[in-house]
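Undergrad: After the sequence you'll find the predicted model.
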Amino acid sequence: MAAFRYLCIVLVLIGAGSTAAWADKRVALIIGNSTYKTVARLSNPANDAKLVGDMFRSAGFERVDVKLDLGVQEMRRTLREFGARAREAEVAVIYYAGHGIELDGVNYLIPTDASLEADSDVLDEAIALERVLFAIEPARQLRLVVLDACRDNPFAKTMKRSVASRSIGRGLAKVEPPSPNTMIAFSAKAGSTAADGDASNSPFATALVTHLPKPGLDLRRAFGFVRDDVLKATGYRQEPYVYGSLGGNDVALVPAAPAATAAMDPDAAMRRDYELAERIGSQAAFDAFLEKYPTGFYASLAKAQRAKLSSAGTGAKGAEPARDKPVEVARAPEPPATEVTRSPPEPAQRADKPSDPTVVAALPSPAEKPAAAAPPPDLPRLLAGELRRVGCGTADNAGSWDGHARRALERFNQQAGTRFDIKVASVDALDAVKARTSRVCPLVCGKGQRAEGESCVTVSCPAGQIRDDDGDCVRRKDEPVAKRPEEPTRREEPARKKEPAVAMRSEPETKRASGGGRCTNISQRCAIQIGGRCDAATGKWEYGRNGAGGDTMSFNNCLSRMMAGGR
């Protein structure tokens, strides 16, 4: 598995002067850690360390030490020895390539023998960045630290946390300059990662060795060129960044070459004086030139110009020359390529005086304005992808700046307070969106969904309902409708308990009599069953059929049964 590179550069410049002062001792220490004992091997650190070491040797450094695959004790000893050499140097440089980690805002370099099973092991098994800065502090003019240590760290994925709230960052943390005249440069913004590339060296290391050793090139401009190269090589996914400030003088890693002298062009002085006389455009000016240079090619040109002025009758007052055919000066020798001496600035012409064609032919052509860097060909796709990352876009983009992408940029403008033109995809808009590390636009969920964290979840429907095409919950078609119980129109009387049927005679039942010996409904029925009747006048029973007497025992047994609930 290829390791992601997060190249960070910390450039510390204290007391830096002009570019002409690098004649003193310059030393460099290069460390490349590739072969780790507990995690996968890194391929590029050793290659990048060798490449950067060769660059410093070619730049004329007095001593360059390249160290590979150092353990923790070897790294401490190497830094201590280099600190002693830095005390005698004007310029001291340290370059480190390998794994690094950020713990609670402090950056550490990881030696090859580190295991880092727990977060507390970082303090014992890693080297703090402050220790590296301490080693180069004795250098008197320029101190430079290059950290190629901000990769996707495999130690952080398996490391045990002793405190749940302890912060272990992605890559290395931002480093603020400790004092004035200090510059800190990262290969990518703090909190982001850098690409490893497909070649044997990373895109940043390649750009670094291309621009840093250019003679006389100010380091701020050099890192600007490095930024442009890395952006172009990574498809605008990785942007180097610079923090800190320097003074007004240029600070170059390699001094500028000595300026070329005018002695290399023997006619340089004569040419400058001729151009001055030509700008004045009077007979007196050319007379002064011919007095100093009586012979030569420019003397012949001066005589011709003087003759033109004389024939036009302008005299010595310096009137404008006649509009005759311009004197041919195409055969004038070009100045050598090494000529660096500049002519005095041309005074502004009067608006009513047209320029002399002869003067135009004699002056060198202005330098062409460099063309602006072309935006990446897939800029619409890149910008649309970044807008999706910050939550402002939802649709994929195939390379065209369509309506979805324009609406996404419009939402970004509303939430971020920017005013980018939504009709076109621009590099400025891409840079602004890439600078955002978290969601910008709020999460918008569809019908039947609700937001939970960074995603939308479907809201379940009640039992017996399903979701239709519009996202609403509706009743299932095959689900029977529960009928609502109807209220009774009237309150029904509870059913009365039917009394057991008793075989009765056809005679009408007499009225119930109360009191001792008087007939009751029960005794009346018994009397009827065994024969007898109740005298309505006296309320007495007469036993026997039709009152003719009857069986008293049978009558009493009947009464007992019926009183007990029988028949």
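TA: That came in fine, so what should we check first? Numbers count the residues shown, from 1 in each chain.

Undergrad: tell me which residues in stretch 63-82 are buried?
TA: Buried residues in stretch 63-82, counted by 16 or more other Cβ atoms under 10 Å: 64, 66-70, 72, 75, 78-79, 82. C-betas here are computed from N, CA, C, even on glycine.

Undergrad: Equivalent analysis for stretch 432-439, please.
TA: Buried positions in stretch 432-439, judged by neighbour count with 16+ other Cβ under 10 Å: 432-434, 436.

Undergrad: With stretch 202-221 instead?
TA: Using 16+ other Cβ under 10 Å as the test for burial, stretch 202-221 gives 202-209, 211-214, 217-220.

Undergrad: circling back to that earlier point, from the buried residues of stretch 432-439, which is closest to Tyr236?
TA: Nearest to Tyr236 among the buried residues of stretch 432-439 is Lys434, at 7.8 Å by Cβ to Cβ.

Undergrad: Let me know whether the closest one touches Glu386 as I believe.
TA: Yes - judged on Cβ atoms under 8 Å, Lys434 makes contact with Glu386 at a distance of 5.6 Å.

Undergrad: Tell me, please, where in the stretch 301-450 of the chain the pLDDT is lower than the cut-off.
TA: Within the stretch 301-450 of the chain, the stretches with pLDDT under 70 are 313-377, 395-399.

Undergrad: So which residues of it form helices?
TA: Along the stretch 301-450 of the chain, counting by DSSP state H, counting those that start in this stretch, helices occupy 357-362, 379-389, 403-416, 427-434.

Undergrad: Then the stretch 1-150 of the chain?
TA: For the stretch 1-150 of the chain, applying DSSP H, counting those that start in this stretch gives helices covering 44-58, 72-86, 122-125, 129-136.

Undergrad: Go through the ones you listed and pick out the most buried.
TA: Stretch with highest mean neighbour count among the helices of the stretch 1-150 of the chain: helix 44-58 (a mean of 21; mean count of other Cβ atoms under 10 Å).

Undergrad: Give me the pLDDT value at Asp287.
TA: You'll see Asp287 listed with a pLDDT of 90.

Undergrad: shouldn't it be in contact with Arg306?
TA: Yes - contact status for Asp287 versus Arg306: in contact at 7.0 Å, counting by Cβ under 8 Å.

Undergrad: So if I had to pick from these two, which one is more boxed in?
TA: The neighbour comparison of Asp287 against Arg306 (other Cβ atoms under 10 Å) goes to Arg306, with 20 against 13.

Undergrad: was I right about the more buried one contacting Ser282?
TA: No - if you go by Cβ under 8 Å, Arg306 and Ser282 don't touch, sitting 9.2 Å apart.

Undergrad: Low-confidence ranges, the stretch 151-300 of the chain, go.
TA: Residue ranges of the stretch 151-300 of the chain with pLDDT under 70: 165, 169-171, 177-182, 196, 246, 258-265.

Undergrad: what's the burial count for the residue nearest to Asn153 when sequence neighbours are not counted?
TA: Computed as Cβ to Cβ, 6 or more residues apart in numbering, the closest residue to Asn153 that is not its neighbour in sequence is Ile101, at 5.3 Å. Using other Cβ under 10 Å, the number of residues around Ile101 comes to 27.

Undergrad: Low-confidence bits of the stretch 451-567 of the chain, can you list those?
TA: In the predicted model, the stretch 451-567 of the chain carries pLDDT under 70 at residues 453-454, 478-518, 530-531, 533-553, 555, 565-567.

Undergrad: need the contact list for Arg407.
TA: By Cβ atoms under 8 Å, 6 or more residues apart in numbering, Arg407 lies in contact with Ile422.

Undergrad: what distance separates the start and the end of stretch 469-477?
TA: 15 Å (Cα to Cα, to the nearest Å).

Undergrad: So Ala46 versus Leu68, what's the distance?
TA: Relative to Leu68, Ala46 is positioned 6 Å away (criterion: Cβ to Cβ, to the nearest Å).

Undergrad: Name the residues contacting each of these two.
TA: Common neighbours of Ala46 and Leu68, using Cβ under 8 Å, 6+ apart, are 32, 34.

Undergrad: can you redo the helices of the stretch 1-150 of the chain as a markdown table with mean pLDDT?
TA: Below are the helices of the stretch 1-150 of the chain laid out as a markdown table (pLDDT from 0 to 100):
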| stretch | mean pLDDT |
| --- | --- |
| helix 44-58 | 91 |
| helix 72-86 | 95 |
| helix 122-125 | 91 |
| helix 129-136 | 89 |
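
Undergrad: can you redo these as TSV with distance to Asn557?
TA: Shown next, in TSV, are the helices of the stretch 1-150 of the chain (distance: least, Cβ to Cβ, whole Å):
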stretch	distance to Asn557
helix 44-58	122
helix 72-86	119
helix 122-125	110
helix 129-136	120
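
Undergrad: Tell me where the model's unsure across the stretch 1-150 of the chain.
TA: Applying pLDDT under 70 to the stretch 1-150 of the chain flags the ranges 1-23, 150.

Undergrad: And the strands in it, which stretches?
TA: Here the stretch 1-150 of the chain has its strands, by DSSP state E, counting those that start in this stretch, at 8-12, 26-32, 63-68, 91-97, 100-103, 106-109, 127-128, 142-148.

Undergrad: Pipe these into TSV and attach distance to Phe225 per row.
TA: Formatted as TSV, these follow (distance: least, Cβ to Cβ, whole Å):
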stretch	distance to Phe225
strand 8-12	14
strand 26-32	21
strand 63-68	23
strand 91-97	19
strand 100-103	25
strand 106-109	26
strand 127-128	31
strand 142-148	16
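
Undergrad: where does the residue nearest to Glu410 when sequence neighbours are not counted fall, phi/psi-wise?
TA: Computed as Cβ to Cβ, 6+ apart, the closest residue to Glu410 that is not its neighbour in sequence is Ile422, at 4.9 Å. When quoted as degrees, to the nearest 10, the phi and psi of Ile422 stand at phi -80, psi -10.

Undergrad: who's in contact with Ile422?
TA: Counting by Cβ under 8 Å, 6+ apart, Ile422 makes contact with 406-407, 409-410, 413.

Undergrad: Against Lys308, how distant is Ile184?
TA: Separation of Ile184 from Lys308 (Cβ to Cβ): 63 Å.

Undergrad: ditto for Ser426
TA: Per Cβ to Cβ, Ser426 is found 54 Å from Lys308.

Undergrad: Comparing these two, which shows the higher neighbour count?
TA: Using other Cβ under 10 Å as the criterion, Ser426 and Lys308 rank with Lys308 on top: 22 against 15.

Undergrad: Phi, psi for Ala185 please.
TA: phi -120, psi 130.

Undergrad: Hmm, Glu239 and it touching each other?
TA: No - counting by Cβ under 8 Å, Glu239 is not a contact partner of Ala185; they are 11.6 Å apart.

Undergrad: More neighbours: which of those two?
TA: Neighbour count, other Cβ under 10 Å: between Ala185 and Glu239, Ala185 has more, with 24 against 20.

Undergrad: What residues are bridge-paired with the more buried one?
TA: Counting by DSSP bridges, Ala185 is bridged to Ile9, Val242.

Undergrad: Over to Ile31?
TA: Lys67, Tyr96.

Undergrad: residues in contact with it?
TA: Contacts of Ile31 by Cβ under 8 Å, 6+ apart are 49, 67-68, 70, 75, 78, 94-98.

Undergrad: Redo the residues you listed as CSV? Include distance to Gly105.
TA: Formatted as CSV, these follow (distance: Cβ to Cβ, whole Å):
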residue, distance to Gly105
Ala49, 27
Lys67, 28
Leu68, 30
Leu70, 25
Met75, 22
Thr78, 26
Ile94, 21
Tyr95, 24
Tyr96, 19
Ala97, 23
Gly98, 21
